[in-house]
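*Asks:* give me a 3D structure for the following:
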Amino acid sequence: PLGSLGVGVSGTVTLTVQVDAPLADGTPLSDVVSLTATGATTATATTNVTVSNALLTLGSASAPSPVAAGATLTITLNYANTGTGAGGMATIVDMLPANTTFVSASNGGSYDSTSNRVSFNLGSLAMGASGSVSYVVQAATPLANGTVLSDMATFSATNNASVTASSSATVTSAPSLTLT
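*Replies:* Predicted structure coming up:
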């Protein structure tokens, strides 16, 4: 209750709320308020806002495929923010394919040998921003012909739902035979 209000008196009441995260980009939020007084008509007001949030997308591609046992394989991760807001502290983390060893990474990617993952810290990702990062691994040798090498990447940003992507390359390792 606000108490008694004299004729012609006005004021402001502010209500601050915290919205659950993550909340999808474009989600409408509404607030309806009513003011009632004894012997007076009830007044109502409605406020509508739309959530402005990052909407993350991620794709993964492995090349070449097929890849020879013992050869290098490049994994490229294409990312974008197609939402209406920025994504803070954006990061891509990719688990290296089994049966490979890390060689190098682009764009400041760092390799953690304990977890066998490559991480790319992208910082704040503006609305409409996109790009790609990549890293190179070497396929083990020997490997059976037809062995599938697959990565699993996760793209995340503060207060946004994470997205994942993966790609695969098939190993070719047929023996070289010569007839004499």
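
*Asks:* so where does residue 104 fall, helix or strand?
*Replies:* Using DSSP states H and E, residue 104 falls within strand 100-105.

*Asks:* in that strand, which residues are buried?
*Replies:* Residues of strand 100-105 classed as buried: 100, 102, 105 (neighbour count, 16 or more other CB atoms under 10 Å). Any C-beta I mention is one placed from the backbone N, CA and C, and that applies to glycine too.

*Asks:* leaving out chain neighbours, which residue sits closest to the second one?
*Replies:* When you say that, I think you mean residue 102. residue 111 (4.7 Å; CB to CB, 6 or more residues apart in numbering).

*Asks:* ok now the host helix or strand of the one you found, how far from the chain's centre?
*Replies:* Under the criterion of DSSP H and E, residue 111 resides in strand 110-112. Chain-centre distance of strand 110-112: 19 Å, with CA atoms, centre = their mean, to the nearest Å.

*Asks:* ok, which stretches of this protein are strands?
*Replies:* 28-35, 43-50, 56-63, 67-68, 72-81, 87-95, 100-105, 110-112, 117-125, 130-139, 148-150, 152-158, 163-165, 168-172 (DSSP state E).

*Asks:* any chance of these in a markdown table, plus mean pLDDT and distance to residue 4?
*Replies:* Shown next, in a markdown table, are those (pLDDT from 0 to 100; distance: least, CB to CB, whole Å):
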| stretch | mean pLDDT | distance to residue 4 |
| --- | --- | --- |
| strand 28-35 | 84 | 14 |
| strand 43-50 | 84 | 17 |
| strand 56-63 | 97 | 52 |
| strand 67-68 | 96 | 80 |
| strand 72-81 | 98 | 51 |
| strand 87-95 | 96 | 46 |
| strand 100-105 | 98 | 68 |
| strand 110-112 | 98 | 65 |
| strand 117-125 | 96 | 49 |
| strand 130-139 | 98 | 58 |
| strand 148-150 | 97 | 71 |
| strand 152-158 | 95 | 46 |
| strand 163-165 | 97 | 55 |
| strand 168-172 | 96 | 73 |
